[in-house]
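Chemist: Fold the following, please.
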Amino acid sequence: MSSRDWWFEVISKTYKSTQDLNTILPKEMDQLLPSVAKALYDNVFGAGEGWLLKEDALYTLEKLREWRDLGSGPKLAVVSNFDERLHDILRDMEIYDSFDFVITSHETKFEKPQRELFDIALEKAQLKDAGTAFHVGCSVDKDAVGASRAGWSPMILNEWFDEQFPDWFDIDTAETADEGYERRAALQFWGRRDPEKDVTWVELWGLDEILHLFGLPDDEERPVRTTYIRGFRDD
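Modeler: Below is the predicted model of the structure:
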């Protein structure tokens with residue numbers, strides 16, 4: 001099945017199961033879906049304008065690229081459960097050249113959490129020791145489990161942290177601020193663990209925190225991190 005056909009099925013099931021669209025007759029829906037699916041596949045999500053490049057992500061990528069270009073930094077790659085459009089999307093967003101390589105599940109025929117995808121990435125990076133490879137993702141089941149089983153060090157970006165910890169900034173008084181900071185740092189940088197999946201990962205609440213983990217210095221250009229819940233986060 002081609003990626004276009006696969007996405008057509010996803011779009012079709014999504015539209016047909018959406019209650020807000022149940023006033024549309026099945027026959028009318030079948031007539032609309034091909035043009036809707038084509039627009040979404042080619043124009044909306046097949047180009048950079050359909051995706052959000054957050055400021056802290058761009059800042060982090062720029063700093064990692066600077067470190068790499070000095071000769072002492074890591075190789076940078078995208079390892080994604082996506083299709084062949086990803087290359088053009090990243091070019092359209094003007095970040096494609098920041099990476100040493102980009103590989104997708106569509107091209108390799110393996111998808112996360114399958115170990116084979118990580119092994120292919122390790123080979124392309126010309127690394128022999130999987131323990132020196134770090135993977136940043138947002139899914140425990142796919143990213144953390146896959147990276148861990150392949151011998152990589154997993155990191156999970158959790159932008160929903162203030163929903164999980166709603167009193168995050170309310171627990172500190174002037175007297176307990178230091179203690180609260182230490183609690184947060186311990187929880188965050190010691191990582192999280194899922195005993196059922198037997199996997200441990202480092203929790204990130206902003207991509208720029210990768211820089212701290214590798215000991216890279218902060219600067220005044222660092223943007224304010226944002227979340228989907230409250231919209232802003234002070235440091």
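Chemist: make it CA atoms for all contacts and neighbour counts henceforth
Modeler: OK.
Chemist: For the chain, which element, helix or strand, carries the lowest mean pLDDT?
Modeler: helix 177-190 (a mean of 58; mean pLDDT, DSSP states H and E).
Chemist: Sheet-wise, list the partners of the very next helix or strand once past that one with their directions.
Modeler: Downstream of helix 177-190, the first helix or strand assigned by DSSP states H and E is strand 192-194. Paired with strand 192-194 in the same sheet, following DSSP bridges, are strand 199-204 (antiparallel).
Chemist: who does whichever helix or strand comes after the strand it pairs with touch, helix- and strand-wise?
Modeler: Toward the C-terminus, strand 199-204 is succeeded by helix 209-213 as the next helix or strand (DSSP H and E). Judged by 3 or more C-alpha pairs under 8 Å, 6 or more residues apart in numbering; DSSP states H and E, helix 209-213 is in contact with helix 55-69.
Chemist: which other helices and strands contact the helix it packs on?
Modeler: Secondary elements touching helix 55-69 (3+ C-alpha pairs under 8 Å, 6+ apart): helix 209-213.
Chemist: buried stuff in the helix it packs on?
Modeler: E209, I210 (16 or more other C-alpha atoms under 10 Å).
Chemist: ditto for stretch 106-123
Modeler: 106, 110-119, 121-122.
Chemist: Now it: average pLDDT?
Modeler: Here stretch 106-123 scores 97 as its mean pLDDT.
Chemist: hey, where'd the strands end up in this structure?
Modeler: Applying DSSP state E to the chain gives strands spanning 77-80, 101-104, 134-137, 153-157, 192-194, 199-204.
Chemist: Lowest mean pLDDT across those, which one is that?
Modeler: Note on these: lowest mean pLDDT is at strand 192-194, with a mean of 85.
Chemist: So what touches that one?
Modeler: Contact with strand 192-194 is made by V199, T200, W201, V202, E203, as judged by C-alpha atoms under 8 Å, 6 or more residues apart in numbering.
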